[in-house]
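**Q** what's the 3D shape of this:
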Amino acid sequence: MEPTEPDIVDLAPGDPALERDVAPLIRVLRPQLTPAAFTAFAAEAQAQGLVFTAAYGDGGACLAVAGHRVLATSRGRLLFVDDLVTAPAARSSGVGGLLFAALAERARRAGCVRIELDSGTANHGAHRFYHAHRMAVTALHFGLEV
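**A** I've put the predicted structure just below:
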């Protein structure tokens, strides 16, 4: 039997799937984020407009997740992706590309001029993925711990 295309769904604030499905994947990308810190982050960020969109495969497994929001900037309206992560066992299966395509469609429907995201300088696998999906390096992101 052929695997079906993943279901792409948004998870509302308070949805139990945030803790059960999204948090473990986000912590793959951000291991310092404890379960309690994820809960606090998710509540605050969703109140600021963050949307968690997850890709579910056969059997209900969460295969990938993106946290994103639409921002109005002086560069135009954009869809900013805070986090995009695919479960390690699902990498190179195409699910990340399907989720990325869903984000691009949302950006178009929202009147965005582009998708933007930050990627850690050492995350070369992610860089290959973004370049393969026609993303260009357009800026440097600077940070200062305070």
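**Q** Let me know how buried the nearest residue to Leu79 once chain neighbours are set aside is, in neighbour terms.
**A** In space, and not counting its chain neighbours, Leu79 is closest to Ala107: 3.9 Å by C-beta to C-beta, 6 or more residues apart in numbering. In short, each C-beta sits where N, CA and C put it, glycine included. Ala107: 21 surrounding residues under other C-beta atoms under 10 Å.
**Q** name the element Ala107 belongs to?
**A** Taking DSSP states H and E as the definition, one finds Ala107 inside helix 95-109.
**Q** Which positions in that helix come out as buried?
**A** By 16 or more other C-beta atoms under 10 Å, the buried positions in helix 95-109 come out as 95-96, 98-100, 102-104, 106-107.
**Q** now the residues you listed as a markdown table including distance to Val51?
**A** Below are the buried residues of helix 95-109 laid out as a markdown table (distance: C-beta to C-beta, whole Å):
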| residue | distance to Val51 |
| --- | --- |
| Val95 | 18 |
| Gly96 | 17 |
| Leu98 | 17 |
| Leu99 | 12 |
| Phe100 | 15 |
| Ala102 | 11 |
| Leu103 | 10 |
| Ala104 | 14 |
| Arg106 | 9 |
| Ala107 | 12 |
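**Q** Tabulate these (a markdown table), appending distance to Thr34 and pLDDT.
**A** What follows is the buried residues of helix 95-109, written out as a markdown table (distance: C-beta to C-beta, whole Å; pLDDT from 0 to 100):
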| residue | distance to Thr34 | pLDDT |
| --- | --- | --- |
| Val95 | 26 | 95 |
| Gly96 | 25 | 93 |
| Leu98 | 30 | 96 |
| Leu99 | 25 | 96 |
| Phe100 | 28 | 96 |
| Ala102 | 29 | 97 |
| Leu103 | 27 | 97 |
| Ala104 | 32 | 97 |
| Arg106 | 30 | 97 |
| Ala107 | 31 | 97 |
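**Q** Would you mark the buried spots in stretch 71-84?
**A** By 16+ other C-beta under 10 Å, the buried positions in stretch 71-84 come out as 78-84.
**Q** what two of the residues you listed are the furthest from one another?
**A** Largest separation among the buried residues of stretch 71-84 by C-beta to C-beta: Leu78 and Asp83, giving 15.9 Å.
**Q** Spatially nearest residue to Phe38 (excluding sequence neighbours)?
**A** Distances taken as C-beta to C-beta, 6+ apart place Ala23 nearest to Phe38, at 4.4 Å, with adjacent residues excluded.
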